[in-house]
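Undergrad: Dropping the sequence and predicted coords here.
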Amino acid sequence: MSTERDYILVYINSRRLEIRTEYAFMNLSDYLRYEQQLTGTKIVCAEGDCGACTVLSGAVSAGKEIDDICYRAINSCIAPMHSLDCCHIISIEGLNQVYQDKLHPIQTSMVAHHGTQCGFCTPGFVMAIAGMLEQQKNPDANHARNYLTGNLCRCTGYQSIIDSVVDIDTNNYQSIKSHYHNQSIHDELLTAAQIPVTISHKNISFSAPISAAAVAKQLKPQQQSRNKQVFAAATDLGVSLNKDIFKPQNAISLHLIPELYRHDISSDNSKIGARVTIDQIQHKIKAQHPEFSEFLNIFASPQIRNNATLVGNIANGSPVADSLPFLMVMDSIIIIQGPKGVRKCNINQLYTGYKQLDLAADEFIAYVEIPHKATNTKLGLYKVSQRRDLDISCVAAAFKLQFDAHNALSEVAIALGGVAATVLRIPAIEQQLIGLSMAELLEPKSCQAIAEQISESVTPLFDVRGSDKFRRTLVANLYKKFIFELSAGQQHEA
Amino acid sequence: MKHKDSAHDSAVSHVTGRSEFIDDRVPQQGELYVEVLYSSIAHGKIEKLDYTEALKLPAVVAIFSYTDLAHNRWGSIVQDQPILAEDEVNYIGEPIAVIAAKNQQAAIAARNKIQLEISRRPNIFSLTAAHEQKHFMGERYEISTGDSQQAIKNSANTLKGVFISGGQDQFYLESQAVIAYPEENDCLMIHASAQHPTEVQHVVAKALGLQQQQVVCVVKRMGGGFGGKESQSAHYAALAALVAIKTQRAARLCLRKDDDMIATGKRHPFRNDYTVAFDDTGLLQALEVDFYADGGAYLDLSPAILQRAMFHVDNAYYLPTAKITGTICKTHTHPNTAFRGFGGPQGAAVIEHIMEEIAQNLGLDALAVRKINCYQGEDRKQTHYGQSVDSDILPKIFAQLEKSCDYQARRAEISADNNNSKATVRGLALTAVKFGISFTTRFLNQGNALVNIHLDGSVQVSTGATEMGQGVNTKIRKVVSEAFGISEDNIRLMPTSTEKNANTSATAASSGSDINCAAALIACEKITQRLANIAAQLWAGESFDGVKELQLDTSTDTSMVEFTNGQVFNDNKQSIDFNKLVKIAYLNRISLSDYGHYKTPEIYYDKDKGKGRPFLYYTNGVAASEVSIDKYTGEVKILRSDILMDLGRLINSGIDAGQTAGGFIQGAGWVTTENLYYSDSGKLVSHSPTTYKIPSIQDTPRIFKLNFIENNNNILNVRASKAVGEPPLLLGLSVWAAVKNAIYNDGVKTTSKLKIPATNEEVLRVLEGFE
Ligand SMILES: Cc1cc2nc3c(=O)[nH]c(=O)nc-3n(C[C@H](O)[C@H](O)[C@H](O)COP(=O)(O)OP(=O)(O)OC[C@H]3O[C@@H](n4cnc5c(N)ncnc54)[C@H](O)[C@@H]3O)c2cc1C
Ligand code: FES
Ligand code: FES
């Protein structure tokens, strides 16, 4: 077995490809269209926001059995080829091959229901629906809506697409995975997943070590933190590369490190590795944190959730990163790997400024630990965006109230996103609430007073997502909404 | 809904990803990648443009500026816009130079190396500023009827206000895209994603100093157009053509979404200053509106769009007296342009706003106000521009939808429910559309078609209509299949090309199917007449033996000849296979091809008098929408929409349903989430789907019911059908009116400030009264 690869290994529609040199740094969508002449995949926005470029990806990593593999929809426009090492990619042309000269049941249904007009969004929809069928064999209208928020169509008004999904002849449907993912391909990708990769081309490089310690070793302390970049699924990275084409990249990928795919639930917390996707967390954390699991429904789109990681969201450190208010009110612990081992940091101490983290140049985030909720804790998670789905927050908020045995508040945490350079906690107001009873909390006058204080405690920006006044009104109103829901819940229980 | 009519003629290639769009075309040897250097300053003087350094980059082939053009002005109505800026720039995104390189990286590197210095000049961005400073362009229009001033004086109630509707990006998924191929003798073949191939041909020829015969423009399809590719595609085609002619290499110019959104025109924002007078029942006495449309930096199609807004200010309602004026503001933004509805939605929005205002002021249900005002009866059927609304369709569809959507019961239920303390408040509104069909410029209402039957009996049809998803080709195919009595599978609609169909109009004004189906039908009839003539002779005993040649005989009676099911029949039960007849006709040297030219009858308009009959007919519809608003966040949810359309006799119900649903949702997007946000320096910040939010699949009504009335009376139009493209967009206003109603239902004193779009922020602003 060789000790290092200078290529990434991908399959595209069952064709084996070793991708070297500059090709490893292209986007998958460009690679498909301009290197493989597979022009069925369309590019509209090149930033993950329209789904026209949707393809399926079956990702293999060390220790995975065939049964663990799922072919999932991703945005090819923001996926650098190197981020697809050990994946099998299926484009619309690959889907066509499954039924040879005939149409796939999804396609038949879309034709019959006028699910396509201009056709530019259509291959992306077909692939996203194919991805849904890999998980959801008998989709109804709600599934159609939930699985297709990552795909925009300007022509149809969607109704005909929903009708198409509902009417798919699922009996005749052959899964993409069963058609494309055989043992020999699986084994080959699995073998490759155990061999580290280094690819350089001119001033850019990519490497994928096979252990966390090796990653830390590659990150040299004297180097500027942004010069070498550890990344996960590259959904953020891909956008910034597209919109700023000449940015040099020296990327270090975590995808060959098996333990970072773990999500372990112990008696007091969930420990989530840097390669665990939002979608996986959404399912697995349901029992401990149903509110967060539900909240993740409006995190980006299925294509992004299928790929993006929670740790990537933390590391990106945006003040509108949707997971942060929750992680902060839960006092989540960030486990940081450095050359000398690991250290822990409360997420509330992690951010030092706009997208600035207390992370040394030779450190990276390996895990996040999310404590379970104490009994008698109320959690409210909110996001307000211009459009409900696939949109970045204008304001996000998390409220956590913990009551003691006498039903008085013993712990309060409020975190607000979108109102400052980082996600904010407001300790002064949190402290003030401690000791209040439920009844005092629900009392309209005090609710109003606290809402106003919250509003006055922030000085947000006026930007494309909303004015400062709007944001200030929103933080107050979200508190009121939380209290309103609490009171409705109380009445319900009573 | 499964439809009995055929699928879109490209449906199979669409769903398999095999449909070819511009950027899917296989590059030619030596093909160049074209990038545009555009202004990042909204208004200024170009002090320096030096690309000597940029030209030294290895893969850069050429860079051109306005001095390389033979003629540097274009414009659909008035030629006031430079193709490449000369010494002045007037909007961010205005093209200054074109770069041709072997690849994208090189082109972008070159663009960054060009030395460009622009000194800033004072600028005007907002409609308010342009209005205050009287920064206008083009003509001012007026349409009036009766003495509105007197009516206002005499009236029991008047309301005065300023109502604002915002712009909207077309957001076609395929951005502007064109490839220009050089051909011998300085000729050019242009493949473009464009709604108006003839204009592309003409603008390119003029810019490069060529004759029109030297330029052919082909449009196979567009990945969406919605008006955004009516005029402005020609601009980008000229840039690609410049590269192709100068370098003698194919030149590909496909805009990235961000650049497309920053640089190209959108739906016009409108400021509307109005005074309305009405009696105590809400019956209109007078309406005065001064429209101010934000034209952007150049005129583009603004005059025609403004006029259509003025024609549609009545929407479905009778105006006893009116004085409507229209002025175009010149601002330092992208020249605004066509977008589905073409000013119609902006005009109708004003009166739908007014209907809600009257109802709120009088404490009436807005539907009652709409119903008494809607065109009806003999005395109340003339529009402010003098055309009669010659049917009682509107009251009928109002009544039908009111019943079928259970309006009154739901209204009662909503009122009761809104009294409870809840986190949400609901609103309901039923609005209408009466959309005038025809280009308001008469000469545009013509089209032509070429029909060729081949010897196996299969048919190719070419028309000036361009296919952008709306299904015009599918409709033409159906009409041709009925004319020849053959299966739609044997008919192919060819890419639109100025070589086959010259001097055509843009596929716009919803009239693509009307005009082009009619032209195709004329061509078909010429051919079927000849075929029938030959068939009749055969049935009369003329034999075809290969020696004697059959001639067309004008004395032959062909009135009873029918073409159906692949057969040609007469009333004597005599028949012949269509294919066989075709073959015989050919062997007798009878032409199997023909050309049809159609002009829309009966239309005229005198713009100085503001009177005429600008439209052949009206497409009508009504929609009822129910929304809920989150009182804390201003978020809007569409709970249910019911739509009822009058589309005459449908040609293809699946296509018509698709146009209706799609147009409605686009309209709903315009009035809710689609917010164009500009920086202080006049740059569009919401220039990609990250920040510009068109409706997603979750934003469609939870319950969505769509129906058509039966109406076979529109005999003025082809097959008694009616155009569908634009009208349903105006029904999106029902969503906006429902939002306005919901805010009112929450006990807010006045909702008169609510703008379009009613974003969360806008809703919360009106709910909470913050400025
Ligand atoms: C279309 C679209 C929609 C989106 N919608 C949302 C949304 O609704 N809500 C939201 O919060 N976010 C959203 N995002 C942002 C993004 O998807 C998330 O931030 C995502 O969680 C990032 O995960 P990733 O694995 O792709 O990160 P990557 O792109 O791989 O990395 C993100 C950043 O973190 C760094 N990084 C990654 N892993 C580590 C590590 N282990 N240690 C140190 N640094 C690391 C990288 O260097 C990079 O700077 C959206 C993005 C897109 C493209
Ligand atoms: S092109 Fe829009 S999501 Fe990829
Ligand atoms: S069919 Fe045109 S964008 Fe969906």
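TA: Structure received. Residues are numbered from 1 along each chain as shown, chains lettered A, B, ... in the order given. Ligands and ions are numbered 1, 2, ... in the order given.

Undergrad: so which residue of the stretch 301-450 of chain B comes closest to ligand 3?
TA: The nearest approach of the stretch 301-450 of chain B to ligand 3 comes at B:R340, 12.9 Å away (C-beta to the nearest ligand atom). Where C-beta positions appear, they are placed from N, C-alpha and C, glycine not excepted.

Undergrad: interface residues of chain A facing ligand 1?
TA: With C-beta under 6 Å from any ligand atom as the criterion, chain A meets ligand 1 at residues A:47-49, A:78, A:229-237, A:239, A:254, A:274, A:299-300, A:304, A:308-309, A:311-313, A:315-316, A:321-322, A:364-365, A:392.

Undergrad: who's in contact with the residue of the stretch 301-450 of chain B closest to ligand 3?
TA: B:R340 is in contact with B:Q170, B:F226, B:G227, B:G663, B:Q666, B:G725, B:E726, B:L729, counting by C-beta atoms under 8 Å, 6 or more residues apart in numbering or on different chains.

Undergrad: can you check B:V735 too?
TA: With the criterion set at C-beta under 8 Å, 6+ apart, B:V735 makes contact with B:A429, B:S625, B:V627, B:V636, B:I638, B:S641, B:G667, B:A668, B:V671, B:T672.

Undergrad: How is the nearest residue to the fifth one once chain neighbours are set aside classified with respect to secondary structure?
TA: By that I understand B:I638. Distances taken as C-beta to C-beta, 6 or more residues apart in numbering or on different chains place B:P701 nearest to B:I638, at 4.3 Å, with adjacent residues excluded. What DSSP: H, G, I helix; E, B strand; the rest coil gives for B:P701 is coil.

Undergrad: Surely B:P701 and B:V636 touch.
TA: No - if you go by C-beta atoms under 8 Å, B:P701 and B:V636 don't touch, sitting 11.5 Å apart.

Undergrad: which one's the longest helix in the chain?
TA: Using chain A. Ranked by residue count, the top helix of chain A under DSSP state H comes out as helix A:468-493.

Undergrad: I was thinking of chain B, sorry if that wasn't clear
TA: Longest helix in chain B, counting residues (DSSP H): helix B:512-539.

Undergrad: Quick check: mean pLDDT of that helix?
TA: For helix B:512-539, the mean pLDDT works out to 96.

Undergrad: Alongside chain A, which residues does the stretch 501-650 of chain B contribute?
TA: Where the stretch 501-650 of chain B comes near chain A, counting by C-beta under 8 Å from any C-beta of the partner chain, the residues are B:D630, B:Y632, B:T633, B:E635.

Undergrad: again with the stretch 1-150 of chain B
TA: Neighbours of chain A within the stretch 1-150 of chain B, by C-beta under 8 Å from any C-beta: B:1-3, B:7-8, B:10-21, B:23-24, B:26, B:104-105, B:108-109.

Undergrad: Mind jotting down where the helices sit in the stretch 251-400 of chain A?
TA: Secondary structure of the stretch 251-400 of chain A (DSSP state H, counting those that start in this stretch): helices at A:278-284, A:290-295, A:302-305, A:310-316, A:323-329.

Undergrad: Please report the distance of A:L190 from A:Q183.
TA: With distances taken as C-beta to C-beta, to the nearest Å, A:L190 is found 10 Å from A:Q183.
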